[in-house]
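Peer 1: here you go, sequence then predicted model.
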Amino acid sequence: MTKEKSTVPRLRFPGFTDAWKQRKLGEVADFSIKTNSLSRDKLSSYFYEVQNIHYGDILTKYDAILDVCNKELPSIIGSTISDFADDLLIEGDIVFADAAEDSTVGKAIEVRNFKGKNVVSGLHTIVARPKVSYAPYYLGYLINSTAYHNQILPLMQGTKVSSISKANLKSTTIVFPTLPEQEAIGSFFSDLDQLITLHQRKLDDVKELKKALLQKMFPKGNGNDFPELRFPEFKDAWKQRKLGEVLKERNESRSPSADVPLVSFTVENGVTPKTERYNREFLVRDENKKYKFTQLDDIVYNPANLKFGAIARNKYGAAVFSPIYVTYGVLSEAHPLFVELIVTSTNFIQRALRYQEGTVYERMAVKSFDLLRSEILLPALPEQEAIGNFFSDLDQLITLHQRQLDHLKLLKKALLQQMFI
């Protein structure tokens, strides 16, 4: 039996002062529960009698607590309870992913709320079944804390694919307070996860709303010049135009300065400040080197990466970037926010890709001349402005929800570090 050692976390609920205890996981958990090695092709989204926990889902889909009743788990095709009667998981089992391509190996879930469902542990998993009573959710959050995972990192084996053995998991140390404090910690993080889930749903709902409105507030084309849904004050048909009628290429070169910094252009963030990843200024010997100038509300694209969605409105402001990018000023008969919605749509990009040239896929590009001859449907300027502002407000709402969600996730991460040893 491992000698007890008094320990306390940096942050704990008031009223709890007792020292925490330590045990080897192998002393307090049974590791004899069988797992299976069924690959994805043996699993189905259709319901069979036995459901399966796959290590890939532990790594990418599941949080610390797996609520079986309220989570979609794959079923084992053709399975019956009698096939796995001795291997079924029970309330409070901890299931580890014993392999991963990165340091997430050892991520685990605490399985709860079966409500009659039959679940087994699958490929590349290890089951630890507590032999003593712990408060619901406590072990799930403990084992996903930074403090516990730091024990696993030096125990990982392998190069391309990392793994951890059952013996090494048994040798790790878990810490635990009195049962009432366990209950307080488990309930707190469970409530926090529910709040995170709520904000994630809000974010997803607004994104889905935007997606649906984009489909309804723009004409389908093919002779249809009226959108299915529009603001009531607008009645006129949309007119077919060439993109080149509303955009003019900007070919001005400048040197970087405090007012006009050197920036990057990425698929993820559009025109964005240089980061460690993209900053190559130290390679530049000529301080007077010229770069392409871009202005706020320009439409910018990368001819070679349009297939990956590298087209966006410049939301940053006056800047310079590599001459491989193309930047356009938006002419007075069009609204930048509206044009952004047009050129970033999947439909527009797919049509523009018909003009791709090149023999090697990675280097295939859409020239500026060809992009500008792409056809678009355009309403009157007031309707463009109304649509552009509406979706801009919707994007701000999405950004707000995303920030709130990110804040809650960071809060949870920080608390997991502070409230466990």
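Peer 2: Right, received. Where do you want to start? On a predicted model such as this, the values are computed, not experimentally measured, just so you know.

Peer 1: quick one, domains of the protein?
Peer 2: Recorded structural domains for the chain (assignment: automatic domain parsing) are 21-176, 239-378.

Peer 1: what distance do you get for the residue sitting nearest the centre point of the chain to residue 301?
Peer 2: In the chain, the residue lying closest to the centroid (C-alpha atoms, centre = their mean) is residue 60, at 9.9 Å. According to C-beta to C-beta, to the nearest Å, residue 60 stands 32 Å off from residue 301. C-betas here are computed from N, CA, C, even on glycine.

Peer 1: any idea which of the domains of the chain gets closest to residue 410?
Peer 2: Checking the domains of the chain against residue 410 by C-beta to C-beta gives domain 21-176 as the closest, at 13.0 Å.

Peer 1: re the thing from before, now do the same for the residue nearest to the centre of the chain: its pLDDT.
Peer 2: Note on residue 60: pLDDT of 96.

Peer 1: output stretch 366-385 as CSV, restricted to C-alpha atoms.
Peer 2: C-alpha atoms of stretch 366-385 as CSV (Å, rounded to 0.1, in the frame of the first residue of the first chain):
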residue,chain,number,x,y,z
VAL,A,366,-7.3,31.5,-61.1
LYS,A,367,-5.9,34.6,-62.8
SER,A,368,-7.3,38.0,-61.9
PHE,A,369,-8.6,38.5,-65.5
ASP,A,370,-10.6,35.3,-65.2
LEU,A,371,-11.9,36.1,-61.7
LEU,A,372,-13.2,39.5,-62.8
ARG,A,373,-15.2,38.0,-65.7
SER,A,374,-17.1,35.8,-63.3
GLU,A,375,-20.8,36.7,-63.3
ILE,A,376,-22.7,37.8,-60.2
LEU,A,377,-26.2,39.0,-59.4
LEU,A,378,-26.4,42.5,-57.9
PRO,A,379,-29.4,44.4,-56.4
ALA,A,380,-29.6,48.1,-56.1
LEU,A,381,-27.0,49.7,-53.8
PRO,A,382,-29.5,50.4,-50.9
GLU,A,383,-30.4,46.7,-50.8
GLN,A,384,-26.7,45.7,-51.0
GLU,A,385,-26.1,47.9,-48.0
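
Peer 1: can I get the domains of the chain in CSV with distance to residue 220?
Peer 2: Below are the domains of the chain laid out as CSV (distance: least, C-beta to C-beta, whole Å):
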stretch, distance to residue 220
domain 21-176, 32
domain 239-378, 9
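
Peer 1: of those, which is nearest residue 397?
Peer 2: For the domains of the chain, proximity to residue 397 was assessed by C-beta to C-beta; domain 239-378 is nearest, at 15.0 Å.
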